[in-house]
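Asks: Okay, sequence plus prediction incoming.
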Amino acid sequence: MRHPAQKTYKCDRLLDYPLMIHHNADTTAGVLMRLVSWNVNGIRAVEKRGFAQWVAGDSPDILCLQETKAEPGQLSEDLLHLRDANGVPYHVYWASAKKKGYSGTAIYSKKEPVEVGPMGVAAFDDEGRVLQADFKDFVLICAYFPNSQDAGARLGYKLDFCAAMLELCKRIVSGGRHIVLCGDYNIAHTPIDLARPKENEGNAGYLPEERAWMDRFTASGYADTFRHFHPGEGGHYSWWSYRMNARERNVGWRIDYHCVDTAFLPKVKSSIIRPDVPGSDHCPVEIIL
């Protein structure tokens with residue numbers, strides 16, 4: 001999975017490391033971990049809305065971010081050395097897009113992973129869409145799935161990404177490991193995952209091809225953790241348009257997920273959506289392992 005041109009950044013040391021960063025890490029077995037994923041729609045924008053203060057107060061064990069729209073050299077000291085409730089800095093890992101102010105993912109973790117790296121596919125790593133972090137008991141994948149865009153202008157790229165992601169998950173699981181795939185999938189899977197399914201048929205994020213991939217993904221041995229704990233429940237969304245007071249009226253889409261291989265599902269104790277957290281057009285989603 002090595003792609004020589006791609007680098008990840010470990011921001012708590014402000015160094016540009018090679019692709020994979022190796023450490024010694026103790027097992028997380030038997031320890032409850034709270035994993036939060038959030039598309040922040042620009043980390044520098046959400047910083048102005050109290051992001052660092054929210055992290056300090058909420059203090060997740062692992063925080064995965066998507067659509068960061070920045071690179072480490074553009075970050076403030078507060079973001080480079082984000083701290084938990086006890087004032088301890090998080091370990092920070094960063095994957096930035098080559099295009100300035102676009103896409104990007106990041107992982108903030110209290111526990112130092114064994115190794116961290118991108119997807120290993122140049123077409124997607126060039127947009128900073130994936131970070132993998134090995135926590136020994138599971139591999140965490142923080143992913144920002146492409147938007148298929150109006151009239152499916154980027155649907156081919158989106159479906160190629162989806163296919164590569166499924167192959168990555170299969171490769172990890174077939175090697176005897178567990179996966180947690182979190183992030184903004186940019187897909188509402190079923191009609192109850194968006195407020196107005198009829199009106200959005202044919203729109204990006206609800207295209208038949210995208211939903212069919214989610215069918216294949218879940219049929220391949222991966223579980224949507226939120227739907228596992230909340231089967232058949234509508235009205236739960238993680239993204240709302242900024243227009244027409246959509247969030248206040250809860251006219252939204254559920255497009256942010258934590259999915260795991262089904263063998264790992266018993267380790268997931270809860271899965272929730274947190275619409276009470278402002279700052280982005282998305283809200284955080286959370287699981288406890």
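Replies: It's in. These numbers come from a predicted model, not from an experiment. Numbers count the residues shown, from 1 in each chain.
Asks: Can you point out the buried residues in stretch 199-208?
Replies: Buried residues in stretch 199-208, counted by 16 or more other C-beta atoms under 10 Å: 200, 203-207. Yep, even glycine has a C-beta here, placed from its N, CA and C like the rest.
Asks: Reformat those as CSV; add secondary structure and distance to Gly156.
Replies: As requested, the buried residues of stretch 199-208 are exported to CSV (DSSP: H, G, I helix; E, B strand; the rest coil; distance: C-beta to C-beta, whole Å):
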residue, secondary structure, distance to Gly156
Asn200, helix, 21
Asn203, coil, 17
Ala204, coil, 13
Gly205, coil, 16
Tyr206, coil, 17
Leu207, coil, 12
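Asks: with these in mind, which one is nearest to Ala163?
Replies: Proximity of the buried residues of stretch 199-208 to Ala163 was ranked by C-beta to C-beta; the top entry is Leu207 with 15.1 Å.
Asks: So that closest one is in contact with Gly156, correct?
Replies: No - shown here, Leu207 and Gly156 do not form a contact pair, counting by C-beta atoms under 8 Å, at 11.8 Å.
Asks: mind listing what's buried in stretch 175-191?
Replies: Neighbour-count burial for stretch 175-191 flags 177-190 (criterion: 16+ other C-beta under 10 Å).
Asks: okay, it in CSV with CA atoms only?
Replies: Output of stretch 175-191 as CSV, limited to C-alpha atoms (Å, rounded to 0.1, in the frame of the first residue of the first chain):
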residue,chain,number,x,y,z
GLY,A,175,-5.6,-10.8,7.4
GLY,A,176,-7.3,-11.5,10.7
ARG,A,177,-7.9,-7.9,11.8
HIS,A,178,-11.0,-5.9,12.7
ILE,A,179,-11.9,-2.6,11.1
VAL,A,180,-13.8,0.6,12.1
LEU,A,181,-14.6,2.6,9.0
CYS,A,182,-15.8,6.0,10.0
GLY,A,183,-16.4,9.3,8.2
ASP,A,184,-18.6,11.1,5.7
TYR,A,185,-19.7,8.5,3.2
ASN,A,186,-21.7,11.1,1.2
ILE,A,187,-24.4,8.4,0.8
ALA,A,188,-27.8,8.1,2.4
HIS,A,189,-28.3,4.4,2.3
THR,A,190,-32.1,3.9,2.6
PRO,A,191,-35.2,6.1,2.4
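Asks: what's the offset of it from the middle of its chain?
Replies: Computed by C-alpha atoms, centre = their mean, to the nearest Å, the separation of stretch 175-191 from the middle of its chain amounts to 9 Å.
Asks: what is the mean pLDDT for that stretch?
Replies: In this model, stretch 175-191 has a mean pLDDT of 98.
Asks: what about the closest residue to Asp184 other than its chain neighbours, how many neighbours?
Replies: Leaving out its chain neighbours, the residue that sits closest to Asp184 by C-beta to C-beta, 6 or more residues apart in numbering is Asn39, at 4.2 Å. By other C-beta atoms under 10 Å, the residues close to Asn39 number 26.
Asks: Could you measure from Asn39 over to Glu201?
Replies: Here Asn39 is placed at a distance of 23 Å from Glu201 (C-beta to C-beta, to the nearest Å).
Asks: Also Asp256?
Replies: Note on Asp256: its distance to Glu201, by C-beta to C-beta, is 21 Å.
Asks: same check, this time on His81
Replies: Distance, His81 to Glu201, using C-beta to C-beta: 46 Å.
Asks: in the stretch 51-200 of the chain, which spans are strands?
Replies: 62-66, 91-95, 105-109, 115-117, 130-134, 139-144, 179-184 (DSSP state E, counting those that start in this stretch).
Asks: Take these and lay them out in TSV including distance to Glu248.
Replies: Conversion of the strands of the stretch 51-200 of the chain to TSV gives the following (distance: least, C-beta to C-beta, whole Å):
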stretch	distance to Glu248
strand 62-66	24
strand 91-95	33
strand 105-109	29
strand 115-117	38
strand 130-134	33
strand 139-144	26
strand 179-184	21
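Asks: looking at those strands, which is buried most?
Replies: Compared across the strands of the stretch 51-200 of the chain, strand 62-66 shows the largest average neighbour count, a mean of 28 (mean count of other C-beta atoms under 10 Å).
Asks: That strand: partners in the sheet, and parallel or antiparallel?
Replies: Here strand 62-66 has these sheet partners by DSSP bridges: strand 34-39 (parallel), strand 105-109 (antiparallel).
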